[in-house]
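**Q** could you look at this predicted model? Sequence included:
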Amino acid sequence: MRNFDLTPLYRSTVGFDRLANILDKVARTDGGSGYPPYNIEKTGEDTYRITIAVAGFSDDELSIEARDGQLVISGRKAEEEEETTYLHRGIATRAFEKRFQLADHVRATDATTANGLLHVDLVREVPEALKPRKIEIASARPIDAEKVIVEA
């Protein structure tokens with residue numbers, strides 16, 4: 001794993017400390033675990049989808065939370081009451097937790113499971129106050145030369 005020193009970014013920029021903190025947090029929390037595998041798709045101009053392979057997990061064994069600008073998806077298998085003897089166990093059902101750092105104004109809107117995949121839909125909703133707006137330019141009224149002479 002690579003280590004990045006973001007100290008120069010902190011001392012040479014103003015107002016980008018949140019970005020630096022995000023990069024720092026991602027570098028620390030990315031343990032390199034590929035379990036469970038996942039995809040991140042851009043499905044539209046302001047829409048995204050995270051798809052995670054959750055074979056063997058039921059809907060009530062999965063949890064999705066949005067907190068502190070992060071989307072936390074976790075799975076914890078319920079205890080099995082009957083003991084099964086496996087000759088080969090290739091389907092991993094170990095507990096997991098995946099964290100995704102969300103940009104400002106991105107929120108999860110929907111989650112569905114189908115064919116062993118968990119789909120979480122996200123949308124970026126920029127508030128009207130932050131959207132670009134066009135400012136009309138009004139032309140100035142022509143100055144009446146006679147009024148200027150009288151007032152002077």
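**A** That came in fine, so what should we check first? Numbers count the residues shown, from 1 in each chain.
**Q** bridged to the residue nearest to Asp59 when sequence neighbours are not counted, which residues?
**A** Using Cβ to Cβ, 6 or more residues apart in numbering and skipping the chain neighbours, the partner closest in space to Asp59 is Thr113 (5.8 Å). No exception for glycine: its C-beta is placed from N, CA and C like everyone else's. Note on Thr113: beta-bridge partners by DSSP bridges are Leu118.
**Q** run through the residues that contact Thr113.
**A** Residues in contact with Thr113, defined by Cβ atoms under 8 Å, 6 or more residues apart in numbering, are 54, 59, 62, 119.
**Q** how many neighbours does Tyr38 have?
**A** 17 (other Cβ atoms under 10 Å).
**Q** give me the element the closest residue to Thr47 other than its chain neighbours is part of.
**A** Once flanking residues are discounted, Thr47 sits nearest to Val123: 5.2 Å by Cβ to Cβ, 6+ apart. Assigned by DSSP states H and E, Val123 belongs to strand 117-124.
**Q** tell me where the chain has strands.
**A** Per DSSP state E, the chain carries strands over the ranges 38-42, 47-53, 62-67, 70-75, 96-101, 106-114, 117-124.
**Q** can you redo these as JSON lines with distance to Thr7 and mean pLDDT?
**A** JSON lines is the format used below for the strands of the chain (distance: least, Cβ to Cβ, whole Å; pLDDT from 0 to 100):
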{"stretch": "strand 38-42", "distance to Thr7": "29", "mean pLDDT": "95"}
{"stretch": "strand 47-53", "distance to Thr7": "32", "mean pLDDT": "96"}
{"stretch": "strand 62-67", "distance to Thr7": "28", "mean pLDDT": "94"}
{"stretch": "strand 70-75", "distance to Thr7": "24", "mean pLDDT": "94"}
{"stretch": "strand 96-101", "distance to Thr7": "21", "mean pLDDT": "92"}
{"stretch": "strand 106-114", "distance to Thr7": "28", "mean pLDDT": "95"}
{"stretch": "strand 117-124", "distance to Thr7": "31", "mean pLDDT": "96"}
